[in-house]
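Student: Predicted structure and sequence below. I'll ask about it afterward.
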Amino acid sequence: MNNQSHISYFNELFQIHEDVKLCKPCVIEDGIIHISETSEQLYTSFFNKKISEVVIEKFVPASGAATRMFAPLTNIQIENVDPEAEQFLLQIEKMPFAPLLESQLKKSKLGIKESIQESKWSLLIETLLSETGLNFLNKAKGLIPFHQYANEVRTAFEEHLFDFSLFSKHTKKNKLHFTIQQQFQSEIETLLGAFSKKHQLVCPIEYSIQNPDSDIPAMDDSGNFHHNADGSIFLRPAGHGALIQNLNLLGGDCVFIQNIDNIPNEESQPKARQKRQVMGGILLNIVEERNRLFHTIQESNDIEILHEARAFLTTWFQCQETLNDKSNVLDALNKPIRICGMVKNTGETGGGPFWVTSNGIISKQIIESAQVNKKECEQKYIFEQATHFNPVDLVCHFKDPLGVKYNLDNYTNKQATLLSEKLIFGKKSKIIELPGLWNGGMWNWNTVFIELPVSSFCPVKTVNDLLKPGHLFKSN
């Protein structure tokens, strides 16, 4: 695109943007399903029975940098230390990247202990973050060491590979897919190649890059677009909603989605894998029943099968669409399907599950704070009443009952763009992003929300999260 095309693109998205209208939060037995222990066992057994018959894929958005993870350390003032920075400095020897930092510091003829004893806090931070040191501030988040074991240190990329290899039974037909920044591809491939060889892992890995054509301008508070030094329009990635194109590349029967930073250490992975087996079992069971109902309805005019299909749509998806004839029922069945884990709200930032209304239709959606008009007191109140939030733990099926892949772009809500403010070049600026991948990007899917235990969610949003259960090695 040229400058004018990018400006037109921004204006078009800005004009179609529409705040969502929340009806109420999804809660247990009203939008969110609680799965009993007995049912968990049945779905786990069903998944393990079916896994040899289907293609399992895992899609991990991993193009983000570690900048935000280390943000508390970037403006450290010793006389008025940020509490997060203070916690980090006091616990720095427990961090999984401490051996790397120690090695780098030796070039200055100091170690971590000596730097602490001499109160050289700035040296520790600079060595960790600066371009002349380990340059963690500008690295891909997935390349940061997340876990330390007795004999090795693993990055988030390596942990996802290790975990998925066990989950997918070490088969060559199942694939792990990372979306990455192109500049890091060679480093990631080398890292994972060596890791696979060391642990004798059999798991095909694919990579894709977020399409730069989807990058978008930003506008300052005066209504002017930001420009680069050469006069060209400054562009920024259009959010993870642009990854719907990358997800469209996958062709598996059971596609799991998890963020790069939400991966526990090897010790805690088995419980998380078991919960994903439950989710996979629910999905494959629903797909099997959907296909049976769809084909039977197409081949007959049996009223009873229509009643059965309506009950299926209502029970699993709480479908609110008109289902008064055969055509309506077939249309309601013929959509991509997603099972979304939801965890109890413990104060984490992020979106959550809500009943929303759009074009006269009420549906279940994952809604981000930026999608809600907080100036409307009622909308703000509803958003704040959420009992659960979205940990980004999904499993999807996007083939129709004949086995043909859907074009996922046809099932997005183009109006569900994300409008917010950020500081760009030191100026308060308006930014707009494409409908989020699991927000407006999956708006017109058949959706199931199930409750997951809080323990299954262990993201690394800031560096100190590496000290939490699920990440810290017990011997530490």
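Tutor: Looks like it arrived, so ask away.
Student: which residues sit in contact with the closest residue in space to I450 that isn't next to it in sequence?
Tutor: Nearest residue to I450, sequence neighbours excluded (CB to CB, 6 or more residues apart in numbering): I33, at 5.0 Å. C-betas here are computed from N, CA, C, even on glycine. Shown in contact with I33 (CB atoms under 8 Å, 6 or more residues apart in numbering): 448-451.
Student: same question, E187
Tutor: With contact taken as CB under 8 Å, 6+ apart, E187 is in contact with L143.
Student: Distance-wise, check it relative to G193.
Tutor: 11 Å (CB to CB, to the nearest Å).
Student: Same question for the closest residue to Q320 other than its chain neighbours, what's its three-state structure.
Tutor: Of all residues not flanking Q320 in the chain, I362 sits nearest, at 4.5 Å (CB to CB, 6+ apart). Secondary structure assignment for I362 (DSSP: H, G, I helix; E, B strand; the rest coil): strand.
Student: re the thing from before, dump the contacts of I33 into TSV; add pLDDT as well.
Tutor: Shown next, in TSV, are these (pLDDT from 0 to 100):
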residue	pLDDT
V448	98
F449	98
I450	97
E451	97
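Student: how far away is the nearest residue to N334 once chain neighbours are set aside from W438?
Tutor: Leaving aside its sequence neighbours, N334 sits nearest to D400 (CB to CB, 6+ apart; 5.8 Å). Look at D400 and W438: by CB to CB, they are 21 Å apart.
Student: How about F184?
Tutor: From F184 across to W438, the span is 24 Å (CB to CB).
Student: For these two, indicate the residue with more neighbours.
Tutor: Applying other CB atoms under 10 Å to F184 and W438 shows that W438 carries more neighbours, namely 26 against 20.
Student: measure the more buried one to S52 for me?
Tutor: 28 Å.
Student: any idea of the pLDDT on T349?
Tutor: Confidence at T349, expressed as pLDDT, is 67.
Student: Please read the previous query as pertaining to K106.
Tutor: At K106, the predicted lDDT confidence score is 87.
Student: Any idea how far stretch 102-110 is from the middle of the chain?
Tutor: In this view, stretch 102-110 has its centroid 36 Å away from the chain centroid, taken as CA atoms, centre = their mean, to the nearest Å.
Student: again with stretch 391-401
Tutor: Put simply, stretch 391-401 sits 13 Å off its chain's centre (CA atoms, centre = their mean).
Student: Over it, what's the mean pLDDT, rounded is fine.
Tutor: 96.
Student: First residue to last residue on that stretch, what's the distance there?
Tutor: By CA to CA, to the nearest Å, the extent of stretch 391-401 from end to end equals 29 Å.
Student: Can you pull the domain assignment for the protein?
Tutor: Using automatic domain parsing, the domains assigned to the chain come out as 3-64+152-467, 72-139.
Student: Buried deepest among those, which one?
Tutor: Scoring the domains of the chain by mean neighbour count under mean count of other CB atoms under 10 Å gives domain 3-64+152-467 as the most buried, with a mean of 18.
Student: quick check, distance from that one to the centre of its chain.
Tutor: Chain-centre distance of domain 3-64+152-467: 6 Å, with CA atoms, centre = their mean.
Student: Surely H227 and I233 touch.
Tutor: Yes: contact status for H227 versus I233: in contact at 6.2 Å, counting by CB atoms under 8 Å.
Student: okay, and the common contacts of these two?
Tutor: By CB under 8 Å, 6+ apart, no residue touches both H227 and I233.
Student: where are the low-confidence patches of the stretch 101-250 of the chain?
Tutor: Applying pLDDT under 70 to the stretch 101-250 of the chain flags no residue at all.
Student: which SS state does V202 fall under?
Tutor: Three-state assignment for V202 (three-state DSSP): coil.
Student: Make JSON lines out of the domains of the chain and add distance to P145.
Tutor: Formatted as JSON lines, the domains of the chain follow (distance: least, CB to CB, whole Å):
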{"stretch": "domain 3-64+152-467", "distance to P145": "5"}
{"stretch": "domain 72-139", "distance to P145": "4"}
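Student: Please name whichever of those is nearest to F146.
Tutor: domain 3-64+152-467 (4.9 Å; CB to CB).
Student: Tell me who's in contact with E433.
Tutor: 216, 238-239, 241, 417-418, 420.
Student: Identify the residues contacting the nearest residue to it once chain neighbours are set aside.
Tutor: Excluding the flanking residues, the one nearest E433 by CB to CB, 6+ apart is G239, at 3.0 Å. Contacts for G239 (CB under 8 Å, 6+ apart) come out as 418, 433-434, 436.
Student: other SSEs contacting the helix or strand hosting S327?
Tutor: According to DSSP states H and E, S327 maps onto helix 326-333. On a contact count with 3 or more CB pairs under 8 Å, 6 or more residues apart in numbering; DSSP states H and E, helix 326-333 meets helix 269-299, helix 303-317.
Student: Distance of L134 relative to L192?
Tutor: From L134 across to L192, the span is 20 Å (CB to CB).
Student: do the same with E152
Tutor: Taking CB to CB, one finds E152 at 14 Å from L192.
Student: and what of S214?
Tutor: 26 Å.
Student: didn't L333 look like it was pressed against P401?
Tutor: Yes: judged on CB under 8 Å, L333 makes contact with P401 at a distance of 7.3 Å.
Student: Could you name every residue contacting both of the two?
Tutor: Common neighbours of L333 and P401, counting by CB under 8 Å, 6+ apart, are 290, 294.
Student: confidence score at K474?
Tutor: The confidence metric pLDDT takes the value 63 at K474.
Student: now the helices for the chain?
Tutor: Along the chain, the stretches classed as helices by DSSP state H are 3-16, 37-50, 83-90, 98-105, 112-117, 121-129, 156-167, 185-199, 244-247, 269-299, 303-317, 326-333, 377-384.
Student: CA atoms only: put the third one into PDB for me.
Tutor: To tie it back to what came earlier, the one meant is helix 83-90. Only the C-alpha atoms of helix 83-90 are listed here, as PDB (Å, rounded to 0.1, in the frame of the first residue of the first chain):
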ATOM      1  CA  PRO A  83       7.900  -2.200  43.800                       C
ATOM      2  CA  GLU A  84       8.100  -4.600  40.900                       C
ATOM      3  CA  ALA A  85      11.700  -3.500  40.100                       C
ATOM      4  CA  GLU A  86      12.600  -3.900  43.800                       C
ATOM      5  CA  GLN A  87      11.100  -7.400  43.900                       C
ATOM      6  CA  PHE A  88      13.000  -8.300  40.700                       C
ATOM      7  CA  LEU A  89      16.400  -7.100  42.000                       C
ATOM      8  CA  LEU A  90      15.900  -8.900  45.400                       C
END
